[in-house]
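> here you go, sequence then predicted model.
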Amino acid sequence: QAADKGHGSALNNLGLCYEHGKSVGVDLKRAASLYQQAADKDNDYGLNNLGRCYEYGKGVGVDLKRAVSLYQQAADKDNDYGLNNLGRCYEYGKGVGVDLKRAASLYQQAADKGHGSALNNLGLCYEHGKGVGVDLKRAVSLYQQAADKGNEYGLNSLGLCYEHGKSVGVDLKRAASLYQQAADKDNDYGLNNLGRCYE
């Protein structure tokens, strides 16, 4: 009913239902249309989700420049998902030129809001020196924060640190436990790494 009245957040939430098949059948075109309506009402989550549709071709054709524009609009509204997704675009050069410093800065802004994937992404920046200096202790701390939020990628990244002794002591049992938690969330990396523990 709220969506029928044109409330931006309700339109976005209904879009999520159609995207993921919650209580309705999956209909990506309808989801994209609802996100567009939410975005037209300046809803930050609608802007971000419409950006995802254009990035991955969900219900609309792939248009990376449009995706970046939508993520930027969401990020301008301080939306943590928009900040993280815009960071990914700058890290990997999706619709924009690669700019690792900008990517790390965007991940930091989203991480400051407690966004699990951004915490993991920022950790990867510090582990590999992408846009920031290498700092393994900071990377491990960020992975731990992501894992504490139940982020599947953070669980896997932290597991790798314990498996290989990156800034922490080698602890294969802890690594296997973290991989198991990631695998329980259907994370392919966690499943693969867990399998390696039992080879």
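The structure has been received and is ready for your questions.
> which SSE is the residue most central in space within the chain in?
Nearest to the mean C-alpha position of the chain, by Cα atoms, centre = their mean, lies residue 117 at 4.4 Å. Following DSSP states H and E, one finds residue 117 within helix 116-128.
> can you check residue 103 too?
Residue 103 is part of helix 100-111, with elements assigned from DSSP H and E.
> before we move on, what about residue 66?
Here residue 66 sits within helix 64-76, counting by DSSP H and E.
> centre of the chain to the lowest-mean-pLDDT helix or strand in the chain, how far?
Within the chain, judged by mean pLDDT, DSSP states H and E, the helix or strand with the poorest mean is helix 188-197; its value is a mean of 89. Centroid separation for helix 188-197 versus its chain: 20 Å, with Cα atoms, centre = their mean, to the nearest Å.
> so where do the helices sit in the protein?
All helices of the chain, identified by DSSP state H, fall at 8-20, 28-40, 44-56, 64-76, 80-92, 100-111, 116-128, 136-148, 152-164, 172-184, 188-197.
> rank these by pLDDT, which is bottom?
Ranked by mean pLDDT, these bottom out at helix 188-197, with a mean of 89.
> and for the helix holding residue 103, what's in contact with it?
Residues outside helix 100-111 that contact it (Cβ atoms under 8 Å, 6 or more residues apart in numbering): 75, 78, 80-81, 83-84, 86-88, 90-91, 117-119, 121-122, 125, 130-132, 142, 145. No exception for glycine: its C-beta is placed from N, CA and C like everyone else's.
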